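Peer 1: model this:
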Amino acid sequence: MLNEEKLKLMTGIAMFEKAEGSRISLVKRYFKTDYISQNLLRSFLGYTLCWILGLALAAFCKMEDILSIVSLTDVMESFTDYAVWYLLGLILYLIITFAVCFRRYNYAARAMKVYVAKLKRLERRYEFQDRAKGQGKEVRKS
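Peer 2: Have a look, this model is predicted:
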């Protein structure tokens with residue numbers, strides 16, 4: 001005969017795995033610092049690449065203005081302005097990335113704790129049933 005409580009537990013665990021499985025997997029694969037640093041590096045590279053492409057596109061659009069500026073001081077002022085805006089944008093983007101990854105990992109860690117608690121509850125149920133079966137066999141033999 002099927003035990004309804006165990007069946008409900010197993011169904012709940014399967015539904016939880018289906019809903020939260022992808023989030024829980026990152027806790028299994030990474031430490032928090034590794035996960036956050038990997039995403040920060042990815043964000044840095046992506047932001048820098050987009051900045052370079054945007055700067056190149058802007059340079060091509062304003063090529064006539066750039067060629068008319070022959071003075072080195074004007075070029076250096078433009079370069080420092082762009083560098084300051086790049087750094088400010090990069091810092092803001094990395095802070096946002098850190099906050100998002102930190103919250104994602106913490107959410108996944110909490111979900112993992114719930115998942116482990118459900119599995120332990122199911123395991124205790126199996127142990128209880130095994131002990132009950134073992135005691136029933138001993139009573140029959142006597």
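Peer 1: can you give me the helices in this structure?
Peer 2: Secondary structure of the chain by DSSP state H: the helices cover 4-29, 32-61, 63-68, 72-141.
Peer 1: CSV for the ones you listed, including mean neighbour count?
Peer 2: C-beta: built from backbone N, CA, C; applies to glycine. CSV is the format used below for the helices of the chain (neighbours: other CB atoms under 10 Å):
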stretch, mean neighbour count
helix 4-29, 13
helix 32-61, 13
helix 63-68, 10
helix 72-141, 12
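Peer 1: low-confidence regions, the chain specifically.
Peer 2: 1-2, 70, 136-142 (pLDDT under 70).
Peer 1: redo that, cut-off 50
Peer 2: Along the chain, the model assigns pLDDT under 50 to residues 1, 139, 141-142.
Peer 1: excluding its backbone neighbours, what's nearest residue 44?
Peer 2: Spatial nearest neighbour of residue 44, excluding adjacent residues (CB to CB, 6 or more residues apart in numbering): residue 94 at 6.6 Å.
Peer 1: shouldn't the one you found be in contact with residue 45?
Peer 2: No: Residue 94 lies out of contact with residue 45 (CB atoms under 8 Å); the separation is 11.4 Å.
Peer 1: measure the closest residue to residue 5 other than its chain neighbours to residue 75 for me?
Peer 2: Once flanking residues are discounted, residue 5 sits nearest to residue 125: 6.6 Å by CB to CB, 6+ apart. According to CB to CB, to the nearest Å, residue 125 stands 74 Å off from residue 75.
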